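Novice: just need the structure, nothing else, for what follows:
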Amino acid sequence: MRPRDPRRLLERHRRARARVTIIHEPQSHGSGERGATGSRQMAEVTLPREELEKLWSPEHLESLARTYWSFLSRFSLGLIRVLYSENSREVVFLRRPFVLLRFRKPEYDFNPDGGTVTWPIDRGVLVAKHGRGRGFLRLTVHRKPVEDGAGEVTVVVSSEVVNFYPTIATRVGRWIYEQTQLRIHVIVTHAFLRSLANLELEPSRVGALRAVAEAAITPAARR
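Specialist: Sure, this is the predicted structure:
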């Protein structure tokens, strides 16, 4: 393995505007129903209070979702891409028809303490036939309680796969799935969570929550 360039590590540390701590969870759990499985990766992101206030809006929840997919593409050096349509998100290997995962239109929920983005799993090469349309991928953001006057706040960010039926587990075996596909998923997701230290979110491609954010602005503020 090539040693890391200390200059790049120093530059990354200088750019970081938040501290990210990975919370280690069990890698996988099964529901016992015909091979259904799930996993969750979590991290605590500690950042200045004023930085969080800039990002704490429905529109930025959508930007976080966009950042997740963009990071996946960069991490795979462009081999894996995400194709957007009005009613779906497709994770493809290079291009169609090599659709690894197809998700239905995302569902958003936002409240003063946090929010979620849920992508219902539709189908794809990685999904067993009997698992089509049954599971989901969810990003969750939750702000931890903080004392008045505190200069920093901590946000818990998690990525969770629920009720997923992997093709490889059905055809080859669950152990093989856990040592290959699941292991890669955990590595990529942890890398994504660590990347949040820079607080650099991609602009939303769809803009579904932009109207919600604009509606929150009072007429007086617009003036």
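Novice: what residues are up against Phe164?
Specialist: Neighbouring residues of Phe164 by C-beta atoms under 8 Å, 6 or more residues apart in numbering: Ala36, Thr37, Gly38, Ile121, Val127, Gly131, Gly135. From N, CA and C alone the C-beta is placed, and that goes for glycine too.
Novice: er, Arg89 I mean
Specialist: Counted by C-beta under 8 Å, 6+ apart, Arg89 has contacts Trp69, Val82, Leu83, Arg102, Phe103, Lys105, Pro106, Trp119.
Novice: now swap in Gly135 and tell me
Specialist: Residues counted as contacts of Gly135 (C-beta under 8 Å, 6+ apart) are Ala36, Gly38, Pro120, Ile121, Val161, Val162, Asn163, Phe164, Tyr165.
Novice: swap in 10 Å and give it another go.
Specialist: By C-beta atoms under 10 Å, 6 or more residues apart in numbering, the contact list for Gly135 reads 31, 36-38, 103, 119-122, 127, 161-166.
Novice: tell me which element the closest residue to it other than its chain neighbours falls in.
Specialist: For Gly135, ignoring the flanking residues on the chain, the nearest one in space by C-beta to C-beta, 6 or more residues apart in numbering is Asn163 at 3.7 Å. Using DSSP states H and E, Asn163 maps to strand 152-164.
Novice: so for the helix or strand following that strand, mean pLDDT?
Specialist: Past strand 152-164, heading to the C-terminal end, the next element that is a helix or strand (DSSP H and E) is helix 167-171. The pLDDT scores in helix 167-171 average 90.
Novice: ok, Arg95 touching Val82?
Specialist: No. Assessed by C-beta atoms under 10 Å, Arg95 is found out of contact with Val82, at 11.8 Å.
Novice: the two - which one has more neighbours?
Specialist: Val82 (17 against 9; other C-beta atoms under 10 Å).
Novice: just the closest of the contacts of Gly135 to Thr189, please.
Specialist: Compare each of the contacts of Gly135 with Thr189 using C-beta to C-beta and the shortest gap goes to Val161, at 9.3 Å.
Novice: quick one, strands of the chain?
Specialist: Using DSSP state E, the strands found in the chain span residues 19-23, 29-30, 37-48, 80-84, 88-93, 99-104, 107-111, 114-123, 136-143, 152-164.
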